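Colleague: predicted structure and sequence below. I'll ask about it afterward.
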Amino acid sequence: MFDLVAQSVFSGLLAGAYYALIALGLALVFGTMRIINLAHGELVLLAGYIAYTAESRFGLDPLAALPAAIIIVALTSVIIYLLLTRIRVDREINSLILTFGIAIMLTNGILMIWSADIRSTTSGWYLDSIIIGDTLFAMNTEILFAVIGVLVVGAVWWWLSKSWYGRALRAVSSNRDAAKLMGIDPRTTEILSFAVAGLLASIAGIALYSGKVIEPSLGHSLTIKAFIITVLAGLGSVPGVLIGAVLIGVAESLTATLWSSALQGLVSMLLFLIVLLVMPSGLFGRTRRRG
Amino acid sequence: MMKYLSLIIILAGAYLAVPLQFGGNDYVIGIVVSALTIAGIAVAWAMLGNLGGMISFGHSAFFGVGAYGSALLAMNAGLPVFPSILAGGVIAGVVSILTMPTLRLRGPYFALAMLAFAEIFRILAIEMRWLTNGSGGLLSIPRLPTVFGFDFGSRLGGYFVVLTLVLLTVFVYWLIRNRPEGLALRAMHDSEDATLVVGVNATRLKAAVLVVSAFLTGIMGAFNAHYINFLEPDYAFNGSWTTLAIVAAIFGGYKTLWGPVAGALIVYLVDQFVFKAIMPSGHQLILGGLLAAIVIFSPSGLLPWLASRFRKEAGDAAHP
Amino acid sequence: MIARMISSVLALTLGLGAANADELIIGSQIPLTGSAARAGMGMNEGIQVAAKVFNETNGKHTVKVITIDDESQPAKAVAAIERLNAQGALAFTGGYGSNIIGPASDAAERLGKVYMTSGGVATELSQRGLKTFFRISNATGYAKALAGLSDTLDLQSFSLIYSTRESTAEVAKLLEEIWTAEGKKVTLHPFDPSIADFKPVLHKIKLQDRPEAIAMVGYENDYVGIIRAAKVLKPDAKAIMGTWSLATPKMWQDFPDLMNNVYGTAPLPYPAQFNTPEEQTFAEAYKEMHNKEPDYLGIFGYVQGLLLFNAVAEAYDAGTLNSGGVQDALRKTEHDTLIGKVIFDESGDNTNFAHRMAQHQDGAVAIVWPKESATAEARFPAVPW
Amino acid sequence: MAKLLEIDKVRAGYDAINVLWDISLTAEEGKLTCILGPNGGGKTTLMRAIMGLIPLRQGAIRFGGKDISNVPTWNLVADGLTMIPEGRMIFRDMTVEDNLLIGGFTRRCRANARANLEMAYSTFPRLKERRHQLASSLSGGEAQMLAMGRGLMEEPKLILVDEPSLGLSPLLTDEVMAILEQLKAQGRTIILVEQNTHKALKIADHVYLVRGGKVVLSERKEDVDMDRLHDLYFARDVAANRQDA
């Protein structure tokens, strides 16, 4: 029994770090601009398909596809931002609808380019198992991207809190006019943050491709997962994203172990609702309320 | 007077011209019925969005509950189909009480909390096998009956039923909108503080609108169950019931009475008849692009845009 | 003005469909987008091959297949059937997923035209008393094949991992019944289709169930996830087996390191050992059209298509198209097909449907059960890890 | 003395409402120019127009002889033009220190940001005590100090100060005025917008009175007649002599 739970928690932790990668880009844009990018999951998926093309067509390692993925995905992300700036009224709901429309376009575009077949890496190293202390099992890719996930969360946290542009981004989100008075061009800053969100989606997409199976209709569920984690974390809390993601990962994993994997979705949704209703600003959010 | 006249023309067209023109073509009528089903949900959704300022991503929860409720009552309790459709709506309304804690939430938080409810109901429908037959679903759900020699179970019969349901939904929406509470709710959209000063109990009103919206959505779900004669959790609680309705409502203009209906008809019919003919398997791409375009170019929706164009033209004509 | 526009558009989209004298129009309602797109595209390839083969070999008639994407949605599937009917279709084929086939075949029944599929296995589909519904596959056939193989291998305990979707859950239920009746030990592990990490499930199987065999009922992405998790955890099982979409050349090609020694249902071995002329014709046409080796969905699509085309042609010649001639032609005889003899009963089920079990053996898909069709010995005990 | 800022017949406002009506004034280098006027007279709108936060409808603004009428705000800041807005415009959900540091965002100031931070802390010791608190937790006076400290981080040539005494105790107001005087002594050019006539006049070199979107008085401080100023301020003499700068 102990082995069972230990492995379950271990798997959950690894899954959590991976979920954090998926959620981070969405959390960044939502935390700083109050925009929920419903096409975020599709951006992650797009990066996964770029890795697939790099691997199957050019024989490249999935990680080697990262630069190409970053360029294409970050560019797409910036285009989404530029479209979002065209919205004049009811920004909250209209940005949801606009990004939803873009998500539909991306899903169908991916389907047309890459067909409905499932894809996953064939690079053996990623899938080889690694055993820790004879009792904990994982794939190399899970360990690799868990480490990357933690590092990236740290890097984003540092960027937002310590760098000039990170600070500028927070300033723009806090008070746009005052930020201009500090010599900040809000558009440049926001374009940068969408580009960074695209970069994060690219890393997440490589993690997705090298550990899981991708198919064109996957984007939507990635977006939902990312949003749930963002809400659990609390608005604007980057470390909270990691903790919220790990919470979901471990909860899902323990549900599968102790109960049934058919109920994973139920448990994570209940967890989401409970946190939302009981802790109005999320696990680590600042004082801003949702009510 | 003009207003009533145009209403009469629309009604006559809907009840007479459409059946006369397309009554023999099950395919066209079938697509129109699907579009009207979306229209019904879209109106119920817009009611919550416009009156309560609450954007829900989880209306498929009420659609599914209404559908299962009605189907199970008709199949297991032997209730006649029309009363059981009504009962399905009532069940959806009652179930919406479970979701009321979410009324404390705002904006995207409310939207996603409702989505979580829809997902929870979907999984429950899979797991509660004794009641719902799990993922196997329900086949051969009783059709709409034949009344006074008219077969409501036919495509055309279904058309009349769903048309009437949609019109009733719009009528209910109109009634609520024009009551003082409706006005208060619309004001609340702009500022919650304002209504608190006026002395309206905002939360109770919102709760009432939620129940009505859930009831109307449940009715559409119940109708669909008896029209398609089939249910399974993934279908009944499918997110597309919500997203299509949102798309339709936004497209037509969710703050207007008829916008959601017009949006549903246009989006669905144009998508199925035109885009699908041009692009047989990727036509949703165009739909997505259209949606993005309307948000950018006419954010209040198509109907308000047309209305302003019309007024402008009329104004130009009056003052040459 | 608007009304005129709409009616002209309608005329445009509905008006194509006037039939040529001897060109038989067949409607194909199939998911090319949405959740079932993958399977739908595979089946569609088979149907197209069937049309090509029919048109080249029949001599007397040609068929024209009109395909409409049902977007994996029941209401659109029903609409597709009605639209195909308006375009002059004499019968329908296609369909994937019992949830979509159910309402679509209901619609076909109302129109009095045959609906032929291989994509829905739910038992209830053939218990609705429809006269025009036919399918060449069913859940029982898959379950029997898995159970038959495990008897031959003398396996006594199973961990059954299955998706909570309707067709997978149905096959799993049948398997559980068969094995339990035989006094074997079965532990069930249902999972939600959205699950991506199977390690917790496999770990449970490894430490608690300790089964002789792991059985999977799911789809390609599920198989890949399960076998990957098994490769990491290495449970001490003697065999791993699954149902459709598993023992296919494509799976080997895409996931060679996962598939070796895995058992799955398959109609034909691969590399195809095409012995009969019909098999050869099929294989050549398939390769020519799609530039790849045929897979199991293509075979089913081909078989269901060809059966239907022949029956329609027969009824056309007999002048019984409108008086139930197509279903009579389907019901009255046995049909020799790529997947063996097909015999339809009153409910439209293929009573002779029995699947074969194949095993991935170093790049080949070898039929290992039943003995009379076997192309190789089963490797046992053997797992991919 | 050189005219550092010239405002030439500027017209500006919000949406359908025009607030400034052909307003003209100048600020001389190294001097403290004080703009007085009643609430709603257009003082803050003028500040916002200078900073490019609202577009000009007519007229021109020159900074050091260069036309800056359509230059974006952030470029003006980079050129040494700074506005210290009222205390409400601090970044409430950032810490005090981050608020100050962001003042040094422009490329020109980044290298000196740390040194400037220490300077700001020595000017406003209270801020140093609260450096790690969220700005939203500050009192009104502290917020005003934060806004000033943040503005100084921008190493400005010309500082527009918008009603620094708003909501402050008399003691704190004196403190703020002393700091402004100090800045002037350092050779910076200052435009001070105030309602607190007496305290502002003490440190001003030139005085404008803005009412109804127009300049109704422009005088050197020495020439100011308090009674007349008050009459004009409260519009007691409608026929008052109108003077353009």
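Modeller: Done, it's in. Numbers count the residues shown, from 1 in each chain, chains lettered A, B, ... in the order given.
Colleague: might you list the low-confidence residue ranges for the chain?
Modeller: Reading this off chain A. When the per-residue scores of chain A are filtered using pLDDT under 70, the ranges that remain are A:285-291.
Colleague: hm, I was asking about chain D
Modeller: Regions of chain D meeting the criterion pLDDT under 70 cover residues D:1, D:236-245.
Colleague: likewise the stretch 1-150 of chain C?
Modeller: Applying pLDDT under 70 to the stretch 1-150 of chain C flags the ranges C:1-21.
Colleague: which residues of it fall in strands?
Modeller: For the stretch 1-150 of chain C, the strands identified by DSSP state E, counting those that start in this stretch occupy C:23-30, C:62-69, C:91-94, C:115-117, C:133-135, in order along the chain.
Colleague: in JSON lines, list these along with distance to chain A and mean neighbour count.
Modeller: Every C-beta, even on glycine, is put in place using the N, C-alpha and C of the backbone. JSON lines is the format used below for the strands of the stretch 1-150 of chain C (distance: least, CB to the nearest CB, whole Å; neighbours: other CB atoms under 10 Å in any protein chain shown):
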{"stretch": "strand C:23-30", "distance to chain A": "12", "mean neighbour count": "25"}
{"stretch": "strand C:62-69", "distance to chain A": "11", "mean neighbour count": "21"}
{"stretch": "strand C:91-94", "distance to chain A": "15", "mean neighbour count": "29"}
{"stretch": "strand C:115-117", "distance to chain A": "19", "mean neighbour count": "29"}
{"stretch": "strand C:133-135", "distance to chain A": "23", "mean neighbour count": "28"}
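Colleague: what about those, which gets the closest to chain B?
Modeller: Using CB to the nearest CB as the criterion, the shortest distance between chain B and those is 4.7 Å, found for strand C:62-69.
Colleague: enumerate the residues of the stretch 251-385 of chain C near chain B.
Modeller: Contact residues of the stretch 251-385 of chain C with respect to chain B, defined by CB under 8 Å from any CB of the partner chain, are absent.
Colleague: give me the below-cutoff pLDDT ranges for the stretch 251-385 of chain C.
Modeller: C:272, C:274.
Colleague: show me where it has its strands.
Modeller: Going by DSSP E, counting those that start in this stretch, the stretch 251-385 of chain C shows strands at C:263-266, C:335-337, C:340-342, C:356-361, C:364-369.
Colleague: so of these, which one's packed in deepest?
Modeller: With neighbours defined as mean count of other CB atoms under 10 Å in any protein chain shown, the strands of the stretch 251-385 of chain C peak in mean count at strand C:263-266, which reaches a mean of 28.
Colleague: just how off-centre is it within its chain?
Modeller: Its chain's C-alpha centre lies 13 Å from the corresponding centre of strand C:263-266 when counted by CA atoms, centre = their mean, to the nearest Å.
Colleague: do the same with stretch C:117-129
Modeller: For stretch C:117-129, the separation from the chain centroid amounts to 12 Å (computed by CA atoms, centre = their mean).
Colleague: circling back: export the strands of the stretch 1-150 of chain C to a markdown table and append columns for distance to chain B.
Modeller: Converted to a markdown table, these look like this (distance: least, CB to the nearest CB, whole Å):
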| stretch | distance to chain B |
| --- | --- |
| strand C:23-30 | 10 |
| strand C:62-69 | 5 |
| strand C:91-94 | 13 |
| strand C:115-117 | 14 |
| strand C:133-135 | 12 |
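Colleague: please identify which of these is closest to chain D.
Modeller: Proximity of these to chain D was assessed by CB to the nearest CB; the nearest stretch is strand C:62-69, lying at 48.7 Å.
Colleague: any idea how far C:Ser35 is from chain D?
Modeller: 42 Å (CB to the nearest CB, to the nearest Å).
Colleague: how many neighbours does that residue have?
Modeller: C:Ser35 is surrounded by 22 other residues when neighbours are defined as other CB atoms under 10 Å in any protein chain shown.
Colleague: tell me who's in contact with it.
Modeller: With contacts defined as CB atoms under 8 Å, 6 or more residues apart in numbering or on different chains, the neighbours of C:Ser35 are A:217, C:72.
Colleague: could you dump the strands of the stretch 1-150 of chain C to a markdown table with distance to C:Val262?
Modeller: A markdown table is the format used below for the strands of the stretch 1-150 of chain C (distance: least, CB to CB, whole Å):
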| stretch | distance to C:Val262 |
| --- | --- |
| strand C:23-30 | 28 |
| strand C:62-69 | 32 |
| strand C:91-94 | 29 |
| strand C:115-117 | 27 |
| strand C:133-135 | 26 |
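Colleague: among these, which comes closest to B:Thr146?
Modeller: Taking CB to CB as the criterion, strand C:133-135 is the member of the strands of the stretch 1-150 of chain C that comes nearest to B:Thr146, at 23.6 Å.
Colleague: contacting residues around that closest one?
Modeller: Under CB under 8 Å, 6+ apart, the answer for strand C:133-135 is C:101, C:105, C:108-109, C:114-118, C:120, C:125-126, C:304, C:307-308, C:327, C:330, C:344, C:347-350.
Colleague: equivalent analysis for stretch A:175-185, please.
Modeller: Contacts of stretch A:175-185 from elsewhere in the structure, counted by CB under 8 Å, 6+ apart, are A:168, A:171-172, A:186, A:189, D:51-53, D:72-74, D:77-78, D:82-83, D:85, D:89-92, D:102-103, D:105-106, D:150, D:154.
Colleague: can I get it in CSV, CA atoms only?
Modeller: The C-alpha atoms that make up stretch A:175-185 are tabulated as CSV, following Å, rounded to 0.1, in the frame of the first residue of the first chain:
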residue,chain,number,x,y,z
ASN,A,175,-2.6,51.4,-13.9
ARG,A,176,-2.2,51.9,-17.6
ASP,A,177,-1.9,55.7,-17.7
ALA,A,178,0.4,55.9,-14.7
ALA,A,179,2.6,53.3,-16.5
LYS,A,180,2.8,55.5,-19.5
LEU,A,181,4.0,58.3,-17.2
MET,A,182,6.9,56.0,-16.2
GLY,A,183,8.1,56.0,-19.8
ILE,A,184,6.5,52.6,-20.5
ASP,A,185,4.9,51.9,-23.9
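Colleague: what residues sit buried inside it?
Modeller: Of the residues in stretch A:175-185, those with enough neighbours to count as buried (16 or more other CB atoms under 10 Å in any protein chain shown) are A:175, A:177-185.
Colleague: please name the nearest non-neighbouring residue to B:Ala111.
Modeller: On the basis of CB to CB, 6 or more residues apart in numbering or on different chains, the spatially nearest residue to B:Ala111 that is not a chain neighbour turns out to be B:Phe57, at 4.3 Å.
Colleague: hang on, the earlier thing: of the contacts of stretch A:175-185, which belong to strands?
Modeller: D:82-83 (DSSP state E).
Colleague: residue boundaries of the helices in the chain?
Modeller: Picked chain A for this. The residue ranges that make up the helices of chain A, judged by DSSP state H, are A:2-33, A:40-58, A:66-84, A:91-114, A:124-127, A:140-162, A:164-174, A:176-181, A:186-211, A:219-233, A:238-258, A:264-278.
Colleague: nope, chain C please
Modeller: Counting by DSSP H, the segments of chain C that form helices are C:2-14, C:37-57, C:74-86, C:98-111, C:139-152, C:166-181, C:199-204, C:220-233, C:249-254, C:256-259, C:277-290, C:296-318, C:325-332.
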